[in-house]
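Peer 1: Kindly return the folded structure for what I paste below:
(one chain, ligands or ions: 1)
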Amino acid sequence: MNVHKAELLISAVGPDQYPDGNLPEIAFAGRSNVGKSSFINTITQRKKLAYTSQQPGKTRTLNFFSINDICHFVDIPGYGYAKVSKKEREFWGRMTEEYLQTRPQLKGVVLLIDARHEPSDQDLMMYDWLKYYELPVILVITKMDKVKKTKRTAHIKQILSSIDPSSEDGHVLFSSETGEGKEEAWRAIRRLASI
Ligand code: GDP
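Peer 2: Got it, this is the predicted structure:
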């Protein structure tokens, strides 16, 4: 998909700041450092739309982007960064839960998983949480360029068996280094957002 317009609308911490209107929204979640910003930047053909690895201590917000004026992307701050305080983690939980639970425009969530590691407990919790809210999920397995060609099949099988996704949730193998999976990711996103 050709992205001719991509801009940050607002960095929000609560519903009163969410953008008005009825455009469909797709949210992006994952452990910090999973490659979420790189994924958003790659598929929108922008170098710095989403900021790479926000520093701990900085305000962590839900960032709403307008894409081609036809949908919103919502970047949820990464989880699992060890040095984040309990208070900050709780704030993240409340902010994220409020969004996932109350936003009718939200059509589905892209959950990014690092191809190099077993999904973490937090990844599994995040997936279960999304399913609890009955949200469709696209699993995007990132950093595929780091997995040896001969090990791809076994690796993916292992990741999928630990997440055990429901049959309606697709998965996309992706690399922001090689561009693998870019079109497939767009197809999955467009299907979810009906755009
Ligand atoms: P975020 O914290 O989830 O937003 O992750 P970033 O997009 O900032 O990426 C974290 C680190 O992983 C950076 O050093 C990126 O260059 C690197 N990275 C992201 N995606 C890929 C990928 O597909 N392949 C490789 N090899 N590195 C990646």
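Peer 1: only C-alpha atoms for contact and neighbour calcs from this point on.
Peer 2: Fine.
Peer 1: Mind checking the pLDDT average for the helix or strand hosting Met125?
Peer 2: Met125 is located in helix 121-132, with elements delineated by DSSP states H and E. Averaging pLDDT along helix 121-132 yields 96.
Peer 1: which helices and strands does the top strand by length along the chain pack with?
Peer 2: Across the chain, the longest stretch assigned as strand under DSSP state E is strand 106-114. Applying 3 or more C-alpha pairs under 8 Å, 6 or more residues apart in numbering; DSSP states H and E, one finds that strand 106-114 makes contact with strand 25-30, helix 121-132, strand 137-142, helix 182-193.
Peer 1: Same list (these) but as CSV, adding distance to Leu8.
Peer 2: Shown next, in CSV, are these (distance: least, C-alpha to C-alpha, whole Å):
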stretch, distance to Leu8
strand 25-30, 14
helix 121-132, 24
strand 137-142, 22
helix 182-193, 19
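Peer 1: I'd say Asp123 and Ala29 touch.
Peer 2: No - Asp123 lies out of contact with Ala29 (C-alpha atoms under 8 Å); the separation is 9.4 Å.
Peer 1: tell me the pLDDT at the residue of the chain most remote from its centre?
Peer 2: In the chain, counting by C-alpha atoms, centre = their mean, Thr150 sits farthest out from the average C-alpha position, at 27.3 Å. Thr150 is assigned a pLDDT of 96 by the prediction.
Peer 1: So it versus Ile156, what's the distance?
Peer 2: With distances taken as C-alpha to C-alpha, to the nearest Å, Thr150 is found 12 Å from Ile156.
Peer 1: Against the ligand, how distant is Asp164?
Peer 2: Distance, Asp164 to the ligand, by C-alpha to the nearest ligand atom, to the nearest Å: 22 Å.
Peer 1: got the residue ranges for the helices in this structure?
Peer 2: 36-43, 86-102, 121-132, 152-163, 182-193 (DSSP state H).
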